[in-house]
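**Q** heads up, no residue letters with this:
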């Protein structure tokens, strides 16, 4: 690649990311729940930056930000999200938005590039109100009734009220125009330790695993914690604990090489110190990119629940909340990222699945999609200590911009 | 016992209990949290009834209702509480208040009885704002600073605000006058199945068990539920589940014949479906009337925590929140209840400890105290299905009134 090719501006990328970190800062991370004031200010920040990339900025009726161009020629869509998990990291989301902005600034001004990079910041990837609401809306999978029903998972505030407060109510929602984009590219921190432990700079994502989510309910008998003999108890909380331990014991023999499972939430009913829980509930999640593995594990889970109910004293039921088909990333885009890594990161890349969900899985339902990962220090994610070395951030930006150029054929 | 002795009026007792059930009715039970509107109306109901028993009614600065008499002679204090657990039973509390009211109505009008029955309804026995705040205040164990700090466990509302709304702010708090009372008697539903399974009518309480309460904390590492390999996880929720199961396995060999233990609340931090919990907490309680048993179990608990921390991957710490010395019931009062049971319940009584805490344990710190239990259907308690057969309610009332007479020496 000749030196005269325009490249990412390392200082500008770091400065932009730090500017976004300063909005809603929490320790070394950020706290920017969807439609919070720091989230709104971050959207405004992007809207003000997009014209520097030759793009026209707009925010649609669900809070997605778009930077679009009226130019002819092939268009690549690039982006990620700007809100954060609660009290979480500064790069989860903003990294991909700033890379996309940088690619647009560099390539849209380069006369040797025939196409255009357009930019998107998808709203609520982190699921404060739902489940990938912004990107799902763009691919046509969110109805007005879905928005009516959406509520903040913490405060219970309706999404309609939040949209009204943000000034977005009444706007139309943008949806993908068939044929407009040659593809979608998203960069993200890895959120695991594969790259760091392999001393690699770039992850070329091959697939985004599906997420299967279950609500497992335990019904026993609520009673007084002082007057009910141990032998007479039907303690739903204890039944839940035993079930968690049983999963831990039996899943390893049935899972695939990369399967992960998690109990993220436990609720005892009524949850008072002097009352034996009559009910208990756990949210349980399995992730894999192989649906046959999931089918095997789901069957195991259901048979374990039946066994537990038969053994008593509590009954256990498994309800599937969410089925997540894995999303395959486009091979041509994978090749472009790998080629860019060879050119600008000494080939320190690896092809790998994404264990986390990303907006790219929604975009993949309507256009070729790809993802690039940069290393996460210690593999830590969804926590304010989440971080990536500056050197890795700028290498990632260089590779991302070059990959965009290659996808556009520039 | 001659027939001419005045006795409890069965219909009046049942009518009063049903009148209190109608205030804040929920299914077949009630929902009367402390300082809720139904609780206030229940206090007002009692205030209006007390003059029928020759008593002067007053509500003090913490919401305790007293019916007191200026008469000379020995005085017996009797009572219980009028608020309920959330969505709970109709008799837990009101039974003891109505029995006390009935004893006062019957005996204070009986010229053959030289003494007086005074009536109390203790505020917040159920602990919406604290821990036996009303009766603890009466025995001088609640400071103004304690009240400043007290908040509703559900809503977070301060007790000061609630007292102001009730109109009780600024009133002085009544405290026990040394020598005023010969003793305290409280009736309550058993909340267990000892009486029912033994086809008995009356429990003569020998002691109220102590409650030891612990907060057990698990510290792991918060991480992403999709990107963190199973082998790399430090899942605090799983560590908690294993600890619960270990307690279930190891406590039975170390406990006493009547020890009970309960995990009533579990919290995962942050409690989101896609985040591996970095922290977890359980509220754990042990009850026994033998402090040596408790000491042995506490030592076991701490050694289990040390073992779990040593084995990893999470650290486990045990913090004692509350030490509850058992309260012994007065032998003379026990004898009086047993004699009344022989006279009026065919001797169908048994001496038994109380596994539940009651206001009587607070009163026992300043005067001789006793308790009488009536059967609970199915042993069910702290739930709206909690109930007692009408026949058992009226037998209990007869025995209670007669026991009061015997304690007063009438």
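**A** Cool, got the structure. Here the structure is a predicted model, which is why all the values come from computation and not from measurement.
**Q** can you list the domains in chain A?
**A** Annotated domains of chain A cover A:10-208+A:328-408, A:210-322 [automatic domain parsing].
**Q** Can I get the ones you listed in JSON lines including distance to chain B and mean pLDDT?
**A** All C-beta atoms are positioned from the backbone trio N, CA, C, and that covers glycine. Below are the domains of chain A laid out as JSON lines (distance: least, C-beta to the nearest C-beta, whole Å; pLDDT from 0 to 100):
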{"stretch": "domain A:10-208+A:328-408", "distance to chain B": "3", "mean pLDDT": "96"}
{"stretch": "domain A:210-322", "distance to chain B": "3", "mean pLDDT": "95"}
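**Q** who wins for proximity to residue B:191 among those?
**A** For residue B:191, the closest of these is domain A:210-322, at 4.0 Å, according to C-beta to C-beta.
**Q** what are the phi and psi angles of the residue of chain A positioned farthest from its centre?
**A** The centre of chain A is farthest from one residue, residue A:227, which by C-alpha atoms, centre = their mean lies 47.6 Å away. Main-chain torsions, residue A:227, degrees, to the nearest 10: phi -110, psi -10.
**Q** Check residue A:12 too.
**A** Dihedral angles for residue A:12 - degrees, to the nearest 10 - are phi -70, psi -40.
**Q** Might you report the residue contacts of it?
**A** A:102, A:105 (C-beta atoms under 8 Å, 6 or more residues apart in numbering or on different chains).
**Q** now it: how far from residue A:401?
**A** 11 Å (C-beta to C-beta, to the nearest Å).
**Q** between the two, what contacts are shared?
**A** residue A:102.
**Q** And the helices in chain A?
**A** A:10-22, A:37-49, A:94-107, A:133-138, A:144-149, A:159-166, A:194-197, A:236-250, A:291-311, A:331-344, A:359-363, A:390-408 (DSSP state H).
**Q** buried stuff in the last one?
**A** For helix A:390-408, the buried set under the neighbour-count rule, 16 or more other C-beta atoms under 10 Å in any protein chain shown, comprises A:392-408.
**Q** likewise the longest one?
**A** Neighbour counts using 16+ other C-beta under 10 Å place A:293, A:294, A:296, A:297, A:298, A:300, A:301, A:304, A:305, A:308, A:309 of helix A:291-311 among the buried residues.
**Q** Skipping adjacent residues, who's closest to the first one in space?
**A** So that's residue A:293. Counting by C-beta to C-beta, 6 or more residues apart in numbering or on different chains, residue A:256 is the residue found nearest to residue A:293 once chain neighbours are left out, at 4.0 Å.
**Q** Count the residues that sit near the one you found.
**A** 14 (other C-beta atoms under 10 Å in any protein chain shown).
**Q** Now for the closest residue to residue A:159 other than its chain neighbours, how many residues are close by?
**A** Nearest residue to residue A:159 in three dimensions, chain neighbours excluded: residue A:150, at 3.7 Å (C-beta to C-beta, 6+ apart). Neighbourhood size, residue A:150 [other C-beta under 10 Å]: 22.
**Q** For residue A:365, the count of nearby residues, please.
**A** Residue A:365, neighbours per other C-beta under 10 Å, totals 15.
**Q** List the residues that contact the nearest residue to it once chain neighbours are set aside.
**A** For residue A:365, ignoring the flanking residues on the chain, the nearest one in space by C-beta to C-beta, 6+ apart is residue A:139 at 5.3 Å. Neighbouring residues of residue A:139 by C-beta under 8 Å, 6+ apart: A:175, A:176, A:362, A:363, A:365, A:366.
**Q** For residue A:355, state which of those is nearest.
**A** Using C-beta to C-beta, these come closest to residue A:355 at residue A:362, 16.9 Å.
**Q** so how far is residue B:64 from residue A:205?
**A** To residue B:64, residue A:205 is 66 Å away according to C-beta to C-beta.
**Q** Kindly report the same for residue A:90.
**A** Taking C-beta to C-beta, one finds residue A:90 at 54 Å from residue B:64.
**Q** Next: residue A:242.
**A** With C-beta to C-beta as the criterion, residue A:242 and residue B:64 are 43 Å apart.
**Q** quick one, which of the two is more surrounded?
**A** Set side by side, residue A:242 and residue B:64 show more neighbours around residue B:64, with 25 against 21, by other C-beta under 10 Å.
**Q** wait, residue A:14 sits on residue A:390?
**A** Yes - if you go by C-beta atoms under 8 Å, residue A:14 and residue A:390 touch, sitting 6.1 Å apart.
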